[in-house]
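> Sequence and computational prediction follow.
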Amino acid sequence: MMDVRPRILIVSRNLPPLIGGMERLNHHLVLELSNRADLEIVGPPGCRTSMPLGVSVREAGSSSLRGYLMGAARQTLYAALGQRFDWVLAGSGLVAPLALMAARLRRSKCAVYLHGLDIVVRHPTYQRVWLPLIRRFDLCLANSRNTAVLAAQAGIPADRIRVLHPGVELESELTADAATNWRARHGLQERPVMLSVGRLTPRKGLLEFVQSVLPVIVGRHPKAVLVVIGNEAPDALAGRAEGITAQIRSTAEKLGLASNLIFLGMCDQAELNAAYQGSDVLVFPVRQMAGDVEGFGMVAVEAAAHGVPTVAFSVGGVSDAVEPGVSGWLVEPGDYAAFAERTLDALSPARSVRPDGCRRFARQFAWPVFGEQLWELLGGTATV
């Protein structure tokens, strides 16, 4: 028997040029597998420019969800008719029916990466059609232990579920100039800085943080500032409420905290890295909400990679992304008094969590580690 490079078809809407945690995950999934297998990608318009050399790409449909699914169905079928793949991999539950179609057509094995929301979303069609199809996959990769539990509760056989945490880019050292320049650009200088990163949705809990935690922090540190990176965006599956940013601004103004709040919107990677490096603590006050879930909490690991601790509620998969006393603190959901105390600890020069502990925790999530674990789960090389 001779080892050969396996052929893998990856179907995903969550790839660059779209922006977000799932997009970074799927992009790195492609990068890691491209070193070990021959890949074909069915992705969104414009994704070709971000793919590694030697990877075959089929751009599908339009930028809309409906347009992508229709185009991706055609392109996935064409790919499956063109050759047999050892694995067909769905980048999320959203495209699971397409991946399963291709796998069954050519008797290939199929895997899906589950992020949490793609299990619990309450859309009736999704619950009636998508979930029964996901139960038929050979391998279901869960981004956290909580997502694995949700998958089992949804009827996916436990022996087909494996936890595979997303990865992170490791930062070797904090770049003092980048941190200083970032603070200077935004008028932060010596101010204590709390950072929030991610799309602004009700689940992220920033409104409640401003209402219940920020007044306590400012009472102790009048110059403290909450820097928010991210915009509001409708979810691809569940839809989202509008106006969270306006509600947060209005609440801060009513509390006399407008000067303690800065919105930076979406930032490129260089600006985001500088923001991590220039901040004292990442705050992640995620709420428990029916029909919605925080699958993992990638920003907590990204912060740790920059030596920055996280204060978070122990909700959903966030518990996998923070090691208490090492990379930050986990607080019981809804305990805003404890959240404030932990945040004050992080802003103290004598804080108990140190940068070297944060970086040490983050190393286990390095993308090469993710790649090795994924490769092992897929069974390594094909044989002929």
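Perfect, thanks for sending it.

> all helices of the stretch 101-250 of the chain, in order?
Using DSSP state H, counting those that start in this stretch, the helices found in the stretch 101-250 of the chain span residues 117-120, 124-125, 131-134, 145-153, 176-185, 206-212, 214-220, 244-254.

> Quick one: mean pLDDT over the last one.
Model confidence over helix 244-254 averages 95 on the pLDDT scale.

> Only alpha carbons, please: show it as CSV.
Taking Å, rounded to 0.1, in the frame of the first residue of the first chain, the C-alpha atoms of helix 244-254 are listed here in CSV:
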residue,chain,number,x,y,z
ILE,A,244,-27.6,47.9,20.1
THR,A,245,-25.0,50.5,19.5
ALA,A,246,-27.4,53.4,19.9
GLN,A,247,-28.8,51.8,23.1
ILE,A,248,-25.3,51.5,24.6
ARG,A,249,-24.5,55.1,23.7
SER,A,250,-27.7,56.4,25.2
THR,A,251,-27.2,54.4,28.4
ALA,A,252,-23.7,55.7,28.8
GLU,A,253,-24.9,59.3,28.3
LYS,A,254,-27.6,58.9,30.9
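
> on contacts alone, who are the packing partners of it?
helix 206-212, strand 261-265 (3 or more Cβ pairs under 8 Å, 6 or more residues apart in numbering; DSSP states H and E). C-betas here are computed from N, CA, C, even on glycine.

> Turn the ones you listed into a markdown table, including distance to residue 36 and mean pLDDT.
A markdown table is the format used below for the helices and strands packed on helix 244-254 (distance: least, Cβ to Cβ, whole Å; pLDDT from 0 to 100):
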| stretch | distance to residue 36 | mean pLDDT |
| --- | --- | --- |
| helix 206-212 | 40 | 97 |
| strand 261-265 | 37 | 96 |
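
> coming back round to it: out of the helices of the stretch 101-250 of the chain, which gets nearest to residue 200?
helix 244-254 (4.7 Å; Cβ to Cβ).

> Taking their axis directions, the closest one and strand 261-265 sit at what angle?
Here the directions of helix 244-254 and strand 261-265 differ by 160 degrees (axes from the mean of the first three to the mean of the last three Cα atoms, to 10 degrees).

> Name the surrounding residues that touch helix 244-254.
200-202, 206-207, 210-211, 214, 228, 231-232, 258, 260-261, 263 (Cβ atoms under 8 Å, 6 or more residues apart in numbering).

> Please repeat the previous calculation with a cut-off of 6 Å.
When contacts are defined by Cβ atoms under 6 Å, 6 or more residues apart in numbering, helix 244-254 is touched by residues 200, 206, 207, 210, 211, 232, 258, 261.

> among those residues, which ones are buried?
Buried members of the contacts of helix 244-254, scored by 16 or more other Cβ atoms under 10 Å, are 200, 206, 207, 210, 211, 261.

> just those now: which is nearest residue 26?
The closest of the buried ones among the contacts of helix 244-254 to residue 26 turns out to be residue 200 (Cβ to Cβ; 22.2 Å).

> List the residues that contact the closest one.
Applying Cβ under 6 Å, 6+ apart, we find residue 200 in contact with 230, 232, 244, 245.

> Which members of those are classed as buried?
230, 244, 245.

> JSON lines for these, including distance to residue 329?
Output for the buried ones among the contacts of residue 200, formatted as JSON lines (distance: Cβ to Cβ, whole Å):
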{"residue": "230", "distance to residue 329": "22"}
{"residue": "244", "distance to residue 329": "25"}
{"residue": "245", "distance to residue 329": "27"}
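
> tell me what the helix or strand that residue 10 is a member of is packed against?
Taking DSSP states H and E as the criterion, residue 10 maps to strand 7-11. Applying 3 or more Cβ pairs under 6 Å, 6 or more residues apart in numbering; DSSP states H and E, we find strand 7-11 packed against strand 38-43, strand 87-90.
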